[in-house]
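> A structural model of the following input is requested.
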Amino acid sequence: MGSQAVVFGYGDIGVRGLAVLLDAGVEVPLVVTHQDDPAETRWYGSVFDFAKQKRLRVVTDLPKDVGNPDLIFSFYYRNMLPMSLLAKARLGAYNMHGSLLPKFRGRAPLNWAILKGETETGVTLHEMVEKPDAGRIVDQQAVPIGPDEDAVAVFHRMTDAAERVLRRSIKDLVSGKAKFRPNDLSKGSYYGRRRPEDGRIDWSKSAKEIHDLVRAVAPPFPGAFTEGMKIHKTRIEAGKPKQRGPYRVNGEWFAGCGDGKVLRLLEVQESR
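Next comes the predicted model:
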């Protein structure tokens with residue numbers, strides 16, 4: 001296509017987005033990614049390794065100068081980019097966000113969507129502006145969330161959706177003919193970063209709320225926990241609980257919840 005794009009990316013969507021640009025003939029003079037955190041379980045692809053494989057220039061520190069590319073893309077890069085950098089892109093700077101904007105702006109959108117009991121999420125390609133996830137929308141694709149699915153299962157479909165969105169959009173972005181629609185923040189929501197402590201289970205909540213929490217933070221995320229155990233998978237069961245919180249029947253774990261319903265604890269990691 002004869003255009004240049006600087007790519008900021010991380011994880012599977014970073015790898016997939018970079019691959020789409022290269023397939024479309026976009027020249028990528030610079031890739032910026034993150035150093036992997038040794039304390040974090042890595043379950044996703046490496047942008048650094050993929051860029052090296054493609055013989056692209058790749059760095060892990062924010063560069064002082066990115067040149068004057070036609071486009072800048074952020075594919076699951078974890079930091080906000082300064083406006084002084086975004087302004088370098090002649091045809092605009094675009095981010096792939098993990099929700100159907102304007103819903104779930106901010107951090108960890110997929111985890112928050114599952115936690116809030118959503119049955120659908122998706123990905124959105126949008127303009128980057130000073131305010132996070134607030135720019136005009138280029139395109140988006142919905143992805144269903146099954147009632148018992150965890151974040152990783154949904155994220156794999158989101159990665160495929162992100163590729164489809166970028167493939168649909170890249171030609172018009174490069175030609176300057178992309179059509180935008182408003183990102184009406186008054187109809188959306190914003191959520192902050194999640195911490196491991198947020199996985200603590202409150203057994204006074206309903207069985208569905210606790211089930212959704214477990215799904216939202218199941219490994220490789222830090223996991224839902226209560227005194228003496230981590231709980232990685234649950235199922236809502238018929239019947240009345242013997243007590244509030246976890247208990248055992250014939251060697252199997254169950255838990256009573258605040259709405260009088262029972263959760264079967266299918267995967268439990270007991271503390272030693």
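> Around the closest residue to G228 other than its chain neighbours, how many other residues sit close by?
The spatial neighbour of G228 that comes closest, neighbours along the chain excluded (Cβ to Cβ, 6 or more residues apart in numbering), is S271 at 5.2 Å. Glycine gets a C-beta too; all of them are placed from N, C-alpha and C. Burial of S271 is recorded as 8 neighbouring residues (other Cβ atoms under 10 Å).
> can you give me the helices for the stretch 101-250 of the chain?
Assigned by DSSP state H, counting those that start in this stretch, the helices in the stretch 101-250 of the chain fall at 109-115, 151-175, 207-217.
> possible to save these as a markdown table with mean pLDDT?
Listed next are these as a markdown table, based on pLDDT from 0 to 100:
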| stretch | mean pLDDT |
| --- | --- |
| helix 109-115 | 98 |
| helix 151-175 | 98 |
| helix 207-217 | 98 |
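> Format these as TSV; extra columns: distance to Y77.
Output for these, formatted as TSV (distance: least, Cβ to Cβ, whole Å):
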stretch	distance to Y77
helix 109-115	14
helix 151-175	13
helix 207-217	22
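> So which of these is nearest Y76?
helix 151-175 (8.5 Å; Cβ to Cβ).
> Pull out the buried positions in that closest one.
151, 154-155, 157-159, 161-163, 165-166, 169-170, 173-174 (16 or more other Cβ atoms under 10 Å).
> hmm, who's touching the helix or strand harbouring D12?
According to DSSP states H and E, D12 maps onto helix 11-23. Helix 11-23 has contacts (Cβ atoms under 8 Å, 6 or more residues apart in numbering) with 5, 7, 9, 28, 31, 33, 44-47, 50-51, 54, 73, 75-77, 96, 98, 123, 155-156, 158-159, 162-163, 166-167, 170.
> same deal with stretch 244-262?
Here stretch 244-262 has contacts from 202-207, 210, 226, 228-229, 231, 234, 236-243, 263-265, 268, using Cβ under 8 Å, 6+ apart.
> residue ranges with poor pLDDT in the protein?
Scanning the chain for pLDDT under 70 picks out 1, 38-41, 272.
> got the domain boundaries for it?
For the chain, automatic domain parsing gives the domain ranges 5-191, 196-270.
> hey, which of those domains is tucked in deepest?
Burial of those is given as mean neighbour count (mean count of other Cβ atoms under 10 Å); domain 5-191 ranks first at a mean of 18.
> what separates I201 from P147, distance-wise?
19 Å (Cβ to Cβ, to the nearest Å).
> on that earlier part again, the very next helix or strand once past the helix holding D12 pairs with which strands?
Following helix 11-23 in sequence order, the next helix or strand is strand 31-32 (DSSP H and E). When sheet partners are counted by DSSP bridges, strand 31-32 sits next to strand 5-9 (parallel), strand 58-59 (parallel).
> P219 touches H232, doesn't it?
Yes. Contact criterion Cβ atoms under 8 Å: P219 and H232 qualify, at 5.9 Å.
> so what sits against both of those two?
With Cβ under 8 Å, 6+ apart as the test, P219 and H232 reach no residue in common.
> Could you report the separation of K208 from V129?
For K208, the distance to V129 equals 36 Å [Cβ to Cβ].
> check contacts around the residue nearest to D150 when sequence neighbours are not counted.
Spatial nearest neighbour of D150, chain neighbours left out: A218 (4.2 Å); criterion: Cβ to Cβ, 6+ apart. Counting by Cβ under 8 Å, 6+ apart, A218 touches 150-152, 224, 232-233.
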